[in-house]
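Peer 1: Attaching a predicted model along with its sequence, questions to come.
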Amino acid sequence: MEFYDNGGDHPMTPEQGEVVISLKNVSKQYSREAPAVSHVNFEVREGEFVFITGETGSGKSTLLKMIMRELEPTSGSVNVLGYNLNRISHSRIPKFRRNLGVVFQDFRLLTDRNVYENVAFAQRIIEVPSQKIRRNVTQMLDMVGMADKYKRNVTKLSGGEQQRVALARALVNKPYILLADEPTGNLDAETAWEIMQLIEQANRVYGTTVVVVTHDRTIVERMHRRVIEMKQGEIIRDNPLEDLDNNEEQMLENDYQMVQDVDADDYGYYEN
């Protein structure tokens, strides 16, 4: 996977198979009651696609927030892309997040702007030249099937269309890691599957490491990816990716043909 200068100062450029997310004996406690996350250990390698599942309150979203450094662990260590998130200074957090793309259940789009400007905003944050912004945004909107609606205000879009725009914004700079927190939670089953196929396409074509938090067991079962299941703050199951299906190579080739002209530049999680 080719990466571009995203304005960050990440200490590592991950290679295929290298550990990019590492949690060691991580716990998070908000009060004297049972911890939201308890003694969690796992690693995610470059290029992996991982689901974190569990019922509401199982700790999966708390886990994701610690990976993006919205929360600090009460104990244990969190390392992402070579950053020690226990010790990272506040001033370096925005630069660290530029290596991430994040998709939320509630989209978090800029409601006063149109489709194009929502995606372009991510590039302007890291000062990509205007000419490249036009190319990158157009290509990414084409990938997610929203190129014909680039002038439309996002408030006029359906939920599925808004999530496509949010995904384009998260991917336009080819982040090292894509984090998705219940990305299909507000969508009907058919639209949810379309969004998950786009996320899987990013993983296959660009090699983006993907971590998806979801309680949708139907999608998890259909995707055949690694599953980390949580219950009451603990990991109760971590199923590695099974052997690739016989048609996996053909599926990859088909995906590549679909997006071979898409060559977006940098964007990551830029919100402080």
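Peer 2: Cool, the structure landed.
Peer 1: Quick one: distance of the helix or strand hosting Val210 to the chain centre.
Peer 2: In this assignment (DSSP states H and E), Val210 forms part of strand 209-214. On the basis of CA atoms, centre = their mean, to the nearest Å, strand 209-214 is displaced by 6 Å from the centre of the chain it belongs to.
Peer 1: Just the CA trace of that strand, in CSV.
Peer 2: Backbone C-alpha positions of strand 209-214 (Å, rounded to 0.1, in the frame of the first residue of the first chain) are rendered in CSV as follows:
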residue,chain,number,x,y,z
THR,A,209,-6.2,-2.1,8.7
VAL,A,210,-9.9,-2.2,9.8
VAL,A,211,-11.4,-2.5,13.2
VAL,A,212,-15.2,-2.5,13.4
VAL,A,213,-17.3,-2.4,16.6
THR,A,214,-20.7,-3.9,16.1
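Peer 1: same for it, what does it pack against?
Peer 2: In terms of contacts (3 or more CB pairs under 8 Å, 6 or more residues apart in numbering; DSSP states H and E), strand 209-214 is packed against strand 19-28, strand 37-45, strand 49-53, helix 60-67, strand 177-181, helix 189-206. For the C-beta atoms, the positions are set from N, CA and C on the backbone; glycine is no exception.
Peer 1: got the buried residues for the helix or strand following it?
Peer 2: Using DSSP H and E, the helix or strand that follows strand 209-214 towards the C-terminus is helix 217-223. Within helix 217-223, the residues that count as buried by 16 or more other CB atoms under 10 Å are Ile219, Val220, Met223.
Peer 1: List the pairing partners of the helix or strand that helix 217-223 is followed by within its sheet, with orientation.
Peer 2: Downstream of helix 217-223, the first helix or strand assigned by DSSP H and E is strand 226-231. Here strand 226-231 has these sheet partners by DSSP bridges: strand 49-53 (parallel), strand 234-239 (antiparallel).
Peer 1: what residues does the shortest one touch?
Peer 2: Counting by CB atoms under 8 Å, 6 or more residues apart in numbering, the neighbours of strand 49-53 from elsewhere in the structure are 44, 60, 63-64, 200, 203, 209-215, 217, 220, 223, 225-230, 241.
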